[in-house]
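> Task: produce atomic coordinates for the following.
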Amino acid sequence: ITQIEVEGIHNVNANILVPRTPVKYKNEIVYNKTKAVQKKLETLFSNGISASMLCLYSLDKIKFFENYILGLKKEKVEETIASSTLGNIIHDSLELMYKELAGKYLDIKSLEKLKGSINNCVVNNAEKYVRSRNLKKGKNVIIIETAKKYVESVIDIDLRELNEGNKIKIISIEKEFSSSLKSKGKKYKIRGKIDRIDQKNGELRIIDYKSGKKIYKRNLEMKDIGEIRDEKGIYNLQLLIYMIGVYKDIDTNYIKSGIISLKNVSEGVLEGVFEGKNSLSIENIKTYEKEVISLINEVLDQKIGFKN
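The predicted structure is shown next:
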């Protein structure tokens, strides 16, 4: 076109054409709490409120509704191991290996012995989720080796802490709990399973394993209790629910909590920090319990719809 204009042989009529592109406005999704929804919520919570329920609500209210009210979770037989299944294999393997150490102080000899059983333990647990013939195919070979590495990394954290002169006693592995929260005539049941409860130098710790995304210390530093209502506080919310769930049954004055991020094992146990405290007294826990009850009341409040 520029060449034709420069030659000047032809008359050129210049026109600018602008297509009519429809503008799409993003409509906000809101699910109202109808009587049917309210009934489903009450039935769901009557069976026990878990940390995963409240964490998903704080993280994504629409997804909470779709998962727990509409039941849109998908179940399938796997050929290639999914990330969630990898997490299950790791958790099951750690449970099986550490279960025999419950009630005992850890020592280097016992932990080194555990390392020798990693291979068989991981493979046997993987066969519960994936057909045996598929474990030696494609990506699964790499994934199984990754699971072994993650399991070994937890043992290495304990070995490192022992070598630093710490004393660690395993109190419980995969501890199931059920407890009641009461407030203003209302009663709620919370339930769950804690990966590990131990004592480090006499201090009680609640520990959760995370095999998903990489977590850092800063992700567990809750500066204000209001943070449990959004994404930045979901890890602290989970740890709080665990502490609330067991403090009545454990003879202790203070509880620590933390997460072992399997993609960030170099930092060891990432301690939960609650408004500057990494160790909560029973009175602290009771105060935070009121905030958790408030969050539960919000989920059940018919006037508050599900929207992000």
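> What residues are bridge-paired with the closest residue to residue 293 other than its chain neighbours?
Excluding the flanking residues, the one nearest residue 293 by CB to CB, 6 or more residues apart in numbering is residue 183, at 4.7 Å. Every residue, glycine included, has its C-beta placed from N, CA and C. Residue 183 has these beta-bridge partners by DSSP bridges: residue 186.
> what residue ranges in the stretch 51-200 of the chain score low on pLDDT?
73-82 (pLDDT under 70).
> Show me the helices in the stretch 101-250 of the chain, by range?
For the stretch 101-250 of the chain, the helices defined by DSSP state H, counting those that start in this stretch occupy 108-115, 118-126, 138-163, 234-246.
> Need the winner for burial among those helices.
helix 234-246 (a mean of 24; mean count of other CB atoms under 10 Å).
> Which strands and helices lie in contact with that helix?
Packing partners of helix 234-246 (3 or more CB pairs under 8 Å, 6 or more residues apart in numbering; DSSP states H and E): helix 51-59, strand 168-183, strand 186-200, strand 203-210, strand 254-261, strand 273-274, helix 282-300.
> Redo these as a markdown table? Include distance to residue 91.
Converted to a markdown table, the helices and strands packed on helix 234-246 look like this (distance: least, CB to CB, whole Å):
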| stretch | distance to residue 91 |
| --- | --- |
| helix 51-59 | 13 |
| strand 168-183 | 8 |
| strand 186-200 | 7 |
| strand 203-210 | 6 |
| strand 254-261 | 11 |
| strand 273-274 | 24 |
| helix 282-300 | 24 |
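> now those in a markdown table, with mean neighbour count and distance to residue 109?
Output for the helices and strands packed on helix 234-246, formatted as a markdown table (neighbours: other CB atoms under 10 Å; distance: least, CB to CB, whole Å):
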| stretch | mean neighbour count | distance to residue 109 |
| --- | --- | --- |
| helix 51-59 | 20 | 35 |
| strand 168-183 | 16 | 14 |
| strand 186-200 | 18 | 18 |
| strand 203-210 | 21 | 22 |
| strand 254-261 | 23 | 22 |
| strand 273-274 | 22 | 34 |
| helix 282-300 | 16 | 36 |
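> Show me how far the helix or strand hosting residue 62 is from its chain's centre.
Here residue 62 sits within helix 61-64, counting by DSSP states H and E. Centre-to-centre, helix 61-64 and its host chain are 16 Å apart (CA atoms, centre = their mean, to the nearest Å).
> returning to that earlier point: looking at the helices of the stretch 101-250 of the chain, which is nearest to residue 11?
Proximity to residue 11 (CB to CB) singles out helix 138-163 among the helices of the stretch 101-250 of the chain, at 64.3 Å.
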